[in-house]
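>>> Give me a model of this one.
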Amino acid sequence: MALLSRSILALAVALFSTTALAQKQCDVELRHGLIITDDVIRIVDKGQTRVQINNNNQLFIRGYWVDLSTDESKVLQQFSLGIRQTVPELVNLATDGVNLGLSAIEHVVEGMTDKQSEVLKTQLQYVERALMDKFKRGDDFFFIAPQSLSKIDDFFTKDISKKIHSAVHGSLGAILMSLGDAFKSREGNIEDRMNDMSQRMDIISKEIDKSLQLKARQLELKASEYCECLNALDITESKLQAIVPGMVNFDLVQIKS
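Down below sits the predicted model:
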């Protein structure tokens with residue numbers, strides 16, 4: 001049992017041992033949600049689309065079209081392209097590593113017990129739901145919720161890691177119970193099964209560790225770039241607000257420092 005516990009611990013450490021996502025923090029807050037598709041950007045508040053930009057050149061506020069001159073449309077296009085250059089990549093980087101980690105945990109349990117761990121399934125659903133509340137992507141869209149971008153590391157290292165911790169340790173109980181049942185009924189060789197499980201978990205923990213470290217490095221490299229892009233986006237948004245005062249009510253980018 002000590003061997004099994006050490007393997008579980010190794011997996012947990014690999015999942016939680018990410019460094020800060022960025023050494024240079026960028027204190028930027030997105031004050032509204034964003035949904036981005038190929039043709040449309042929606043600024044969302046309380047589940048409702050408040051601002052919509054079509055094809056980078058048509059502006060709607062609360063469903064009403066705003067007539068813009070050629071020069072004013074250029075400012076709108078600059079704002080729209082600024083969002084498209086930053087947000088989708090951030091969503092991709094935020095979701096990739098976690099999805100890989102969730103898949104790896106499922107593979108740890110797979111084949112180790114004939115019993116399906118309902119605890120594992122439920123906890124992983126909580127993790128996925130928490131992730132999708134903040135970041136979500138589909139075949140044709142990206143979504144990011146209102147949040148402070150300087151606190152993304154807290155979301156992953158605290159909120160998500162706690163949920164993964166619960167999933168791993170919850171499934172451990174089911175595995176041990178199954179192995180105990182097998183031992184009692186003399187089905188198979190419990191020692192071989194434990195060794196097999198230990199080896200699998202060692203391999204998976206190393207792969208998870210490498211993937212999460214890679215994600216941390218990617219975000220570190222992008223941190224200053226995001227800061228520059230979002231600062232530029234904030235300046236462009238201010239220009240657009242001067243042209244269209246109704247945009248002030250749905251201020252998207254707020255620089256806090």
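>>> Relative to T95, how far out is F143?
To T95, F143 is 10 Å away according to CB to CB, to the nearest Å. All C-beta atoms are positioned from the backbone trio N, CA, C, and that covers glycine.
>>> Same check on G33?
Taking CB to CB as the measure, G33 falls 16 Å from T95.
>>> which one of those two has more residues nearby?
More crowded of G33 and T95, by other CB atoms under 10 Å: G33, with 21 against 18.
>>> Under the pLDDT cut-off, which ranges of the stretch 1-150 of the chain? List them.
Applying pLDDT under 70 to the stretch 1-150 of the chain flags the ranges 1-26, 97-121, 123, 150.
>>> before we move on, the earlier item: which residues do F143 and T95 both contact?
Common neighbours of F143 and T95, using CB atoms under 8 Å, 6 or more residues apart in numbering, are 135-137.
>>> Who wins on neighbours among those residues?
Highest neighbour count within these, by other CB under 10 Å: F135, with 21 neighbours.
>>> Surely it is in contact with E89?
No: look at F135 against E89 with CB atoms under 8 Å: they stay out of range, at 11.6 Å.
>>> And for T37, the neighbour number?
Counted with other CB under 10 Å, residues neighbouring T37 total 11.
>>> Could you do N249 as well?
By other CB under 10 Å, neighbour count at N249 equals 12.
>>> partners of Q48 in the sheet?
Judged by DSSP bridges, the bridge partners of Q48 are D45.
>>> Looks like E72 contacts I243 (just checking).
Yes: contact status for E72 versus I243: in contact at 5.0 Å, counting by CB under 8 Å.
>>> Any idea what the nearest residue to G246 once chain neighbours are set aside is bridged to?
Computed as CB to CB, 6 or more residues apart in numbering, the closest residue to G246 that is not its neighbour in sequence is I61, at 4.6 Å. Using DSSP bridges, the beta-bridge partners of I61 come out as V51, Y64.
>>> Check the gap between I61 and A130 for me.
Applying CB to CB, the value for I61 to A130 is 32 Å.
>>> mind listing the strands in this protein by residue range?
In the chain, the strands defined using DSSP state E lie at 28-30, 33-36, 40-45, 48-54, 58-61, 64-66, 135-137, 142-144, 147-148, 253-255.
>>> Pick the most buried one from those strands.
strand 142-144 (a mean of 22; mean count of other CB atoms under 10 Å).
>>> Could you list the paired strands of that one along with their orientation?
strand 33-36 (antiparallel), strand 135-137 (antiparallel).
>>> Dump the ones you listed into TSV; add distance to I235 as well.
Putting the strands paired with strand 142-144 into TSV (distance: least, CB to CB, whole Å) gives the following:
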stretch	distance to I235
strand 33-36	18
strand 135-137	25
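>>> Relative to V248, which of those strands is closest?
Ranking the strands paired with strand 142-144 by proximity to V248 (CB to CB) places strand 33-36 first, at 17.5 Å.
>>> Contacts for the closest one, please.
41-45, 49, 83-84, 87-88, 141-146, 252.
>>> can you check stretch 234-246 too?
Stretch 234-246 has contacts (CB under 8 Å, 6+ apart) with 28, 59, 61-62, 66, 68, 72, 75-76, 78-79, 82, 247-248, 251-255.
>>> CA atoms of stretch 35-44 as PDB?
These are the backbone C-alpha positions of stretch 35-44, laid out as PDB (Å, rounded to 0.1, in the frame of the first residue of the first chain):
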ATOM      1  CA  ILE A  35     -17.400  35.400 -27.400                       C
ATOM      2  CA  ILE A  36     -15.300  35.400 -30.600                       C
ATOM      3  CA  THR A  37     -16.200  33.600 -33.800                       C
ATOM      4  CA  ASP A  38     -14.800  34.000 -37.300                       C
ATOM      5  CA  ASP A  39     -17.200  36.800 -38.200                       C
ATOM      6  CA  VAL A  40     -18.500  38.200 -34.900                       C
ATOM      7  CA  ILE A  41     -17.200  39.500 -31.600                       C
ATOM      8  CA  ARG A  42     -19.700  39.800 -28.700                       C
ATOM      9  CA  ILE A  43     -19.100  41.600 -25.500                       C
ATOM     10  CA  VAL A  44     -21.300  39.900 -23.000                       C
END
